[in-house]
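1. Show me the folded form of this:
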Amino acid sequence: PILLTAILEALFYLLSIPLCAAFTLTTAGGVRYGMGVSAFNLRPALRRARAYRPIKRRHRGGAGPEWRLIRQLRGAHIRLHGRLGLGDAAATALACGALRGLAAALGSHAGRVEVDVTPVFAGDVCLELTGMIRLRAGQIMTAIVKNQIDNIHRRIARWTSIPLKA
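-> Residues are numbered from 1 along each chain as shown. Predicted coordinates for the structure are as follows:
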């Protein structure tokens, strides 16, 4: 019983570890992005994210498994701030409004969502975004499990909907 209690306590503490992920996206000097992950503290994640890399183009059709996994996250703290200018005032206002609408939509699923994107109505195209996500390791594990259960249900539904050719 003592060993079982120690294992359960260790598992509980493991599931409670806060994980911080940060990303940056900029058009200064070409389109570049950065991403970093850290446990307990956001600063090391931001430092790793600011080591920009050039974006490599790759085309994938449809929503990938990452988006289905993000949909399952509950209780995450998401923050996005920066500047956005598309060269056209109407397009810039529309994009900033869409980002704020996305924040409202994500706010119902996630815990707390903050979007502070300042529109730049000058004629130049500029993009400087920094985003941060903070959640617990247990939330990630439960989201992965729920996503896999949904995949199994989706495969079974596709398999059972095949008409019998007897």
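
2. Strands of the protein, residue ranges please.
-> Along the chain, counting by DSSP state E, strands occupy 18-26, 32-39, 53-54, 77-86, 112-119, 125-136.

3. buried ones in the fifth one?
-> Yep, that's strand 112-119 we're talking about. Residues of strand 112-119 classed as buried by neighbour count (16 or more other Cβ atoms under 10 Å): 113, 115, 117, 119. The C-beta positions use only the backbone N, C-alpha and C, and glycine is treated the same way.

4. if we can go back for a sec, Serialize the strands of the chain to TSV and add fields for mean pLDDT and distance to residue 158.
-> Output for these, formatted as TSV (pLDDT from 0 to 100; distance: least, Cβ to Cβ, whole Å):
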stretch	mean pLDDT	distance to residue 158
strand 18-26	84	32
strand 32-39	83	33
strand 53-54	62	37
strand 77-86	84	32
strand 112-119	84	33
strand 125-136	83	31
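
5. Throw those strands into a markdown table and include distance to residue 150, thanks.
-> Formatted as a markdown table, these follow (distance: least, Cβ to Cβ, whole Å):
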| stretch | distance to residue 150 |
| --- | --- |
| strand 18-26 | 22 |
| strand 32-39 | 24 |
| strand 53-54 | 32 |
| strand 77-86 | 22 |
| strand 112-119 | 23 |
| strand 125-136 | 19 |
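
6. who touches residue 27 in this structure?
-> When contacts are counted by Cβ atoms under 8 Å, 6 or more residues apart in numbering, residue 27 is found next to 125, 126, 127, 128.

7. let's go with 6 Å and repeat that
-> Going by Cβ atoms under 6 Å, 6 or more residues apart in numbering, residue 27 touches residue 127.

8. now it: how far from residue 126?
-> Distance from residue 27 to residue 126, counting by Cβ to Cβ, to the nearest Å: 6 Å.
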